[in-house]
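Undergrad: Sequence and predicted structure, then a few things I'm wondering about:
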Amino acid sequence: QVQLVESGGGLVQAGGSLRLSCVVSGGSFGNYVMGWFRQAPGKDLKFVAVINRGAHITLYEDSVKGRFTISRANLENTVSLQMNNLKPEDTAVYYCAKSYSIDDYLLTTDPGEFDSWGQGTQVTVSS
């Protein structure tokens, strides 16, 4: 059974930075497309970023482009999200997730195509 554990959330002022990490165990990490999603209070779960198995293709939600960077270290079974220039609207619980999709080029952003999820980590950005 695949398990995902996020860390790195916290409280930061607008303009600050945080780095989220997600350690994956119980599976073959290098075979998985990995993504980050977030859910703000009272809102639906939203796509943030996704990375393919070889880490050479990434996609971002428009509002985080140029500010967030997704990366992975396959030897360490870890996927990370570097978040810079944070804004109050980035406040949410952030989740990492593993996709069951085998398409390593046309990456999915649909949360319905991710079948294992972490417990989430809270990110709060104050103005």
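TA: Great, that's in hand.
Undergrad: Please state the backbone phi and psi of the spatially most central residue of the chain?
TA: When CA atoms, centre = their mean is applied to the chain, the residue found nearest the centroid is Trp36 (2.0 Å). Phi and psi for Trp36, reported as degrees, to the nearest 10, are phi -120, psi 140.
Undergrad: Pretty sure it sits against Val93.
TA: No - contact criterion CB atoms under 8 Å: Trp36 and Val93 do not qualify, at 11.3 Å. All C-beta spots, glycine's among them, are computed from the backbone N, C-alpha and C.
Undergrad: Tell me the buried residues in the one helix or strand Asp115 maps to?
TA: Under the criterion of DSSP states H and E, Asp115 resides in strand 114-117. For strand 114-117, a neighbour-count test (16 or more other CB atoms under 10 Å) marks Phe114, Ser116, Trp117 as buried.
Undergrad: Also stretch 101-112?
TA: Within stretch 101-112, the residues scored as buried using 16+ other CB under 10 Å are Ser101, Leu107, Thr108, Thr109, Pro111.
Undergrad: want to throw these into a markdown table with secondary structure, pLDDT and distance to Gly66?
TA: Output for the buried residues of stretch 101-112, formatted as a markdown table (DSSP: H, G, I helix; E, B strand; the rest coil; pLDDT from 0 to 100; distance: CB to CB, whole Å):
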| residue | secondary structure | pLDDT | distance to Gly66 |
| --- | --- | --- | --- |
| Ser101 | coil | 85 | 26 |
| Leu107 | coil | 92 | 19 |
| Thr108 | coil | 92 | 22 |
| Thr109 | coil | 94 | 18 |
| Pro111 | helix | 96 | 23 |
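Undergrad: Now for those: which two are most distant?
TA: Leu107 and Pro111 (13.0 Å; CB to CB).
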